[in-house]
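**Q** Model the following, please.
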Amino acid sequence: MSKSAKWALLGVGLLALSATMVGILVVYALGGVRVPGNGVLVMRVSGDLVDIDARSPLQQVFGGETDTLPEMVDAIERAAEDTRVKAIYLRIQGLDAGFARTQELRDALKDFRAAHKPIVAYLETVGNRDYYLASAADDIYLMPGGMFMTTGLLADASFFRGTLDKLKIQPEMEHIGAYKSASEQWTRSSMSDPQRFVTNSILDGLFAQFIDGIAASRNLPPGQVRAAIDKGMLTPEEAKDAKLVDDLLYLDQVDDVLRKRVGAYSEIKLRNYKKTAGSRFGYGARIAVINASGAIVSGRSGSGAFGGEFIGSETLSQMLKEVREDSGIRAVVLRVDSPGGSGVASDAIWRETKLFREANRPLIVSMGDVAGSGGYYIAMAADAIVAEPATITGSIGVISGKFNMRGLYEDWLGIHRDQIKRGENADLFSDYTGYTDAQRDTVRRQMEVFYRDFVHKAAEGRGKKDQEIDLIGQGRIWTGEQAKELGLVDELGGLRRAIEIAKHKAGLGARDRVSIEMWPRRKGFFQSLSGEDDALTGRAVKLPAKLQSVLSSFEVRERIAADGPILWMGEF
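**A** Here you go, the predicted structure:
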């Protein structure tokens, strides 16, 4: 970089820093964003609900601000106690979050409603999660020309054995645990009986939560709600007749409803309100919230080329170590949202959680949409585990294997490889040979050792016997609701409940003010300009969900294979 370019870069940075400092001084001088005395908090909810905005400041400038789930929940919680806020106006369109995250936001809205403040929801096109969230409102209004598509829940499992057969690729997969089915997408053409049994159990649990939640909020019999859902699509009039919505209104007519509810009012945008004084993200005793989102791999965290985030064992372990060595941090909440990944990487992270707990400071785990397999592994040493009823967790089991590509190389590509080896098992992980019987026995022996260690550490963390964990392990996944009954998690709730537990275990009172520090820290301005690596990179380009899922799973396995012996615990 030339000297003139460096001076230009420095000048831009100084200008940005000056603007930031001026903004901070103005906010403090004016006491934050002014909230009107008769305000209605306007919340627009769409797309995913993320725990942390991992984008750089530069990406945020050009891509717009993101309202994270913790910020939204915090704003609702404060608004419930804020006498200036009289109601919430909820605009929902195209919610694409998992059911557990949707439950977390929904629970916050229910608490707001319990404070005897109304919530008015407006919908245009309605899907399952859109309506599930909206059902927390007092009044639900649907656009007269809108679409109501609460179709119920569908488990859609893809199987690639037919594709591999056509390509003459032989999957050499082994699993420990009768219900550990992640590898079956490569080895089978349809669900096995154990996978079908567990899938039905999960769907039964989630569907019951879905129906019962709507029925309770709308004061309707569950059977009536189920009958309406079973129709798949309802016309706006049918949705009104079924009492799933209160009336059919256009957007401009909702203003009259709000005025009847609270009188003359002023709108408060969420992005302004979350900047007001009084947030739990302010001053007080320090509690760190560490985000662990994505598949677990060795090395650094980051985002994949095909979308999705990776939890790097090196990155997360380093964050846990830094927080452990900072005596000013009173407690840690580890926010886990992971389908699993590398067993080696998971064990490295587990070690750091164990060291943190041995340092006599509370470590609480808050589970998001999924914390299964390796995601459960890195959680099980915590003082307490909190999950939403719809969280998918457990899956205590192990998978190992490789793909024998010889048929593809020779029959499709015309490639022949001669191999000369020294050592009986030099070709153990070669993609040009299958396992011999002896090699398969060797792989399974290693897997058994790892599984028993997994079970023992889970039993130690949960205060149970190894045999008890083995019975509920076996690679089986559970809803958070089921996991609590089994003792795999301690309480049901979201991040704010985990923070409450962390405060209590740190010796703080329920009303004591705390400063929540979100990790990983956002990239600095100069890091953004220089492209310097950080704990998380910017999000990759958004691909169609199905394609992104398939490509990401290949990419994750490629990352995991770099560990050497292929040992993973993922549900991807």
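
**Q** hey, let's count contacts and neighbours off CA atoms from now on
**A** Noted.

**Q** the helices in the stretch 1-150 of the chain, which residues?
**A** Counting by DSSP state H, counting those that start in this stretch, the stretch 1-150 of the chain has helices at residues 3-30, 57-63, 69-81, 99-114, 128-134.

**Q** which stretch in these is the model least sure about?
**A** Between those, the one with the least mean pLDDT is helix 3-30; it has a mean of 46.

**Q** Where does pLDDT dip in the chain?
**A** 1-33, 54-64, 277-283, 304-307, 522-572 (pLDDT under 70).

**Q** one more time with 80
**A** Residues of the chain meeting the criterion pLDDT under 80: 1-33, 53-65, 277-283, 303-308, 521-572.

**Q** Can you tell me how far the residue of the chain positioned farthest from its centre is from Gly434?
**A** Of all residues in the chain, Ile420 has its C-alpha farthest from the mean position, at 46.3 Å, by C-alpha atoms, centre = their mean. According to C-alpha to C-alpha, to the nearest Å, Ile420 stands 16 Å off from Gly434.

**Q** what's the answer for Gly328, then?
**A** Applying C-alpha to C-alpha, the value for Gly328 to Gly434 is 54 Å.

**Q** what do you get for Ala483?
**A** 38 Å.

**Q** Kindly report the same for Tyr451.
**A** 23 Å.

**Q** Compare those two (neighbour count), which wins?
**A** Set side by side, Tyr451 and Gly434 show more neighbours around Tyr451, with 25 against 20, by other C-alpha atoms under 10 Å.

**Q** what helices or strands is the host helix or strand of the more buried one leaning on?
**A** Tyr451 belongs to helix 437-462 when assigned by DSSP states H and E. Judged by 3 or more C-alpha pairs under 8 Å, 6 or more residues apart in numbering; DSSP states H and E, the packing partners of helix 437-462 are strand 170-176, strand 398-404, helix 466-472.

**Q** most packed of the ones you listed?
**A** strand 398-404 (a mean of 22; mean count of other C-alpha atoms under 10 Å).

**Q** and that one, what other elements does it pack with?
**A** strand 170-176, helix 437-462, strand 567-568.

**Q** Now that strand - C-alpha only, PDB.
**A** What follows is strand 398-404, C-alpha atoms only, in PDB (Å, rounded to 0.1, in the frame of the first residue of the first chain):
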ATOM      1  CA  VAL A 398     -20.900 -40.700  17.400                       C
ATOM      2  CA  ILE A 399     -20.500 -41.100  13.600                       C
ATOM      3  CA  SER A 400     -17.400 -42.000  11.700                       C
ATOM      4  CA  GLY A 401     -16.600 -43.000   8.100                       C
ATOM      5  CA  LYS A 402     -15.400 -42.000   4.700                       C
ATOM      6  CA  PHE A 403     -16.400 -42.200   1.100                       C
ATOM      7  CA  ASN A 404     -14.800 -44.800  -1.200                       C
END
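
**Q** just to revisit the earlier point, how much space is there between the residue farthest from the centre of the chain and Asp427?
**A** 9 Å.

**Q** Just say helix, strand or coil for Gly375.
**A** helix (DSSP: H, G, I helix; E, B strand; the rest coil).

**Q** for it, what are its contacts?
**A** Applying C-alpha atoms under 8 Å, 6 or more residues apart in numbering, we find Gly375 in contact with Ile296, Val336, Asp337, Ser338, Pro339, Gly340, Gly341, Ser346, Thr393.

**Q** And the residues you listed, which is closest to Ala382?
**A** Val336 (11.7 Å; C-alpha to C-alpha).

**Q** List the beta-bridge partners for the closest one.
**A** Val336 forms beta bridges with Ala292, Met367, as assigned by DSSP bridges.

**Q** didn't it look like it was pressed against Val365?
**A** Yes: taking C-alpha atoms under 8 Å as the definition, Val336 is a contact partner of Val365 at 6.9 Å.

**Q** Now for those two: what residues contact both?
**A** By C-alpha under 8 Å, 6+ apart, Val336 and Val365 have these common neighbours: Ala379.

**Q** Comparing the two, which residue is more hemmed in?
**A** The neighbour comparison of Val336 against Val365 (other C-alpha under 10 Å) goes to Val365, with 31 against 25.

**Q** Was I right to think that one contacts Thr353?
**A** No: using C-alpha under 8 Å, Val365 is not in contact with Thr353, being 10.2 Å away.

**Q** tell me, what's touching the two both at once?
**A** By C-alpha under 8 Å, 6+ apart, Val365 and Thr353 have these common neighbours: Ala379, Ala382.

**Q** SS state for Thr151?
**A** Applying three-state DSSP: Thr151 is coil.

**Q** list the contacts for it?
**A** Applying C-alpha under 8 Å, 6+ apart, the residues near Thr151 are Gly127, Asn128, Ile229, Asp230, Lys231, Gly232, Met233.

**Q** change it to 7 Å
**A** Residues near Thr151 by C-alpha atoms under 7 Å, 6 or more residues apart in numbering: Asn128, Ile229, Asp230, Gly232, Met233.
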